[in-house]
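Trainee: Sequence first, then the predicted structure, then my questions.
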Amino acid sequence: MKFALTATDTNSKARAGTLTTDHGEIATPIFMPVGTAGSVKAVHQRELKNDIDAKIILGNTYHLYLRPGLPLLEKAGGLHQFIGWDRPILTDSGGYQVYSLGANRKITEEGVIFKSHIDGSKHTFTPEGVMDIERTIGADIIMAFDECTPYPCEYAYAKKSMDLTHRWLSRCVKQVDNTSPLYGYDQALFPIVQGSVYKDLRIESAEFIASQNQKGNAIGGLSVGEPHEIMYEMTDVVCQLLPPDRPRYLMGVGTPENILECIALGIDMFDCVMPTRNARNGMLFTTQGIINIRNEKWKDDLSPLDVEVGGHVSTFYSKAYLRHLIISKEMLGAQIASIHNLTFYLWLVARAREKILEGTFTTWKNNMTKKVSQRL
């Protein structure tokens, strides 16, 4: 995997670059649709490529390990082959999912013992084991195994958790160095910066992660309930310490406004379930603001969903028709809304890239954040 920085905005820290993997190039900044179990909910792979033009999608180690399971994925030749996707894939390590299990998991120095949310069976994730699992899944970018702290979080716990994440990372790096990809293409390990909302911990963690000299780096433990201002502050602190010649991935973020603000701070990669999850509940993200399509005001509105975004779905279907489908609980409603929201997110980061290259990003960003965050 290679990363080339193309341009940096003169009035902010926004960057445009190109990430090259064995499954294709990714122009950054980029948003990555979440396909937790090998499927972006309500969206066909054909639509991901032809309508949305997603350059990279996510899979999740925890969910794929439990179902369909590693033997089948290996038999298929990895996740790319199993789901019929020939573009890049990133896999989360499952650390966040294990964190969210609460009482159904126990964290030790060795790893995490947890019960499956499917059948209650007991499993253990260790840093070494997770790296082997991600080898079997076969993503182009694989995340290190970490512990994600909740918000709020006491300083002492945040420090203890961060130190554990660092020790686990050393084991992840060693395991990746001592093993080889299974399917004939490269896999890049991304370490994850932790430290909750404490500046000194974030600095310590960012410095440790940078010292590992991996091909890219991630920021975790944000977008877990903390105020947006704190998210931005921690992101800014970390971006100043991570190497500028490597891609920076802010995990689990976020709203269109969050994405624009964090691009301005130097983030290159984003993912979030929001565009698809909210779509299924009738919330649309548009260039003019946020629409709750269930509202009565859209009942007779025959205008397209969003002409500016373009794309077959966004320009062909009317607000009135989509409202009818959502209210009627038709599956097509979730499909159209999901494709539209993902198309909008990909449009947003592509337009941000254009503005960075033009040298007009900051003015455009300041105007766009006002638009995309208002309720219509």
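Mentor: That came in fine, so what should we check first?
Trainee: make it CA atoms for all contacts and neighbour counts henceforth
Mentor: Will do.
Trainee: low-scoring pLDDT stretches of the stretch 1-150 of the chain, where are they?
Mentor: Residues of the stretch 1-150 of the chain that meet the criterion pLDDT under 70 lie in 99.
Trainee: And the strands in it?
Mentor: Ranges of strands within the stretch 1-150 of the chain are 2-8, 15-21, 24-28, 30-32, 57-60, 89-92, 105-107, 112-115, 122-125, 141-143, based on DSSP state E, counting those that start in this stretch.
Trainee: In stretch 59-74, which of the residues would be classed as buried?
Mentor: For stretch 59-74, a neighbour-count test (16 or more other Cα atoms under 10 Å) marks 59-66, 69-70, 73-74 as buried.
Trainee: Name the single longest helix found in this protein.
Mentor: Determined from DSSP state H, the single longest helix within the chain is helix 331-358.
Trainee: What's the separation between residue 133 and residue 75?
Mentor: To residue 75, residue 133 is 14 Å away according to Cα to Cα, to the nearest Å.
Trainee: Phi first, then psi, for the closest residue to residue 221 other than its chain neighbours.
Mentor: The shortest distance from residue 221 to any non-neighbouring residue, by Cα to Cα, 6 or more residues apart in numbering, is to residue 148 (5.2 Å). With angles defined as degrees, to the nearest 10, residue 148 sits at phi -90, psi 120.
Trainee: Give me the number of neighbouring residues for residue 148.
Mentor: For residue 148, the count of nearby residues is 25 (other Cα atoms under 10 Å).
Trainee: Double-check residue 28 against residue 20; I have them as touching.
Mentor: No. Applying Cα atoms under 8 Å as the test, residue 28 and residue 20 come out as separate, 10.5 Å apart.
Trainee: and these two? which has more neighbours close in?
Mentor: With neighbours defined as other Cα under 10 Å, residue 28 and residue 20 compare such that residue 28 has more, 25 against 15.
Trainee: hey, what's that one bridged with?
Mentor: Per DSSP bridges, the residues bridged to residue 28 are residue 17.
Trainee: Grab the nearest non-local neighbour of the residue located most distally from the centre of the chain.
Mentor: No residue in the chain sits farther from the centre than residue 300, which is 35.5 Å out by Cα atoms, centre = their mean. Nearest residue to residue 300 in three dimensions, chain neighbours excluded: residue 320, at 5.4 Å (Cα to Cα, 6+ apart).
Trainee: got a list of what the one you found touches?
Mentor: Residue 320 is in contact with 298-303, counting by Cα atoms under 8 Å, 6 or more residues apart in numbering.
Trainee: if I look at residue 122, how far off is residue 272?
Mentor: Counting by Cα to Cα, the gap from residue 122 to residue 272 is 28 Å.
Trainee: Quick check on those two: which one has the bigger neighbour count.
Mentor: Under the criterion of other Cα under 10 Å, the comparison of residue 122 against residue 272 puts residue 272 first, with 19 against 12.
Trainee: Quick check, the more buried one in contact with residue 256.
Mentor: No. Using Cα under 8 Å, residue 272 is not in contact with residue 256, being 10.4 Å away.
Trainee: and the angle from whichever helix or strand the residue nearest to residue 300 is part of to helix 331-358?
Mentor: Assigned by DSSP states H and E, residue 320 belongs to helix 319-327. Here helix 319-327 runs at an angle of 130 degrees relative to helix 331-358 (axes from the mean of the first three to the mean of the last three Cα atoms, to 10 degrees).
Trainee: ok now the longest helix of the chain, how far from the chain's centre?
Mentor: 14 Å (Cα atoms, centre = their mean, to the nearest Å).
Trainee: buried sites along that helix?
Mentor: 333-353, 355-357.
Trainee: pLDDT score for the residue farthest from the centre of the chain?
Mentor: Note for residue 300: predicted pLDDT of 98.
Trainee: State the distance from it to residue 341.
Mentor: Residue 300 is 21 Å from residue 341, by Cα to Cα.
Trainee: Tell me which residues of stretch 44-56 come out buried.
Mentor: Within stretch 44-56, the residues that count as buried by 16+ other Cα under 10 Å are 45, 48, 51-52, 54-56.
Trainee: now, which of the residues you listed lie within helices?
Mentor: Counting by DSSP H, these contribute 45, 48 to helices.
Trainee: For residue 152, state which of the buried residues of stretch 44-56 is nearest.
Mentor: Nearest to residue 152 out of those is residue 56 (Cα to Cα; 31.9 Å).
Trainee: just checking, the closest one touches residue 34?
Mentor: No. Applying Cα under 8 Å as the test, residue 56 and residue 34 come out as separate, 9.4 Å apart.
Trainee: about what we covered before: export the strands of the stretch 1-150 of the chain to CSV and append columns for distance to residue 173.
Mentor: Output for these, formatted as CSV (distance: least, Cα to Cα, whole Å):
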stretch, distance to residue 173
strand 2-8, 18
strand 15-21, 19
strand 24-28, 24
strand 30-32, 24
strand 57-60, 19
strand 89-92, 15
strand 105-107, 20
strand 112-115, 18
strand 122-125, 16
strand 141-143, 11
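Trainee: Closest one of the buried residues of stretch 59-74 to residue 100?
Mentor: When the buried residues of stretch 59-74 are ranked by distance to residue 100 (Cα to Cα), residue 62 comes first, at 11.5 Å.
Trainee: gap between the closest residue in space to that closest one that isn't next to it in sequence and residue 58?
Mentor: Of all residues not flanking residue 62 in the chain, residue 94 sits nearest, at 4.6 Å (Cα to Cα, 6+ apart). Distance, residue 94 to residue 58, using Cα to Cα: 12 Å.
Trainee: Sweet, I'm off.
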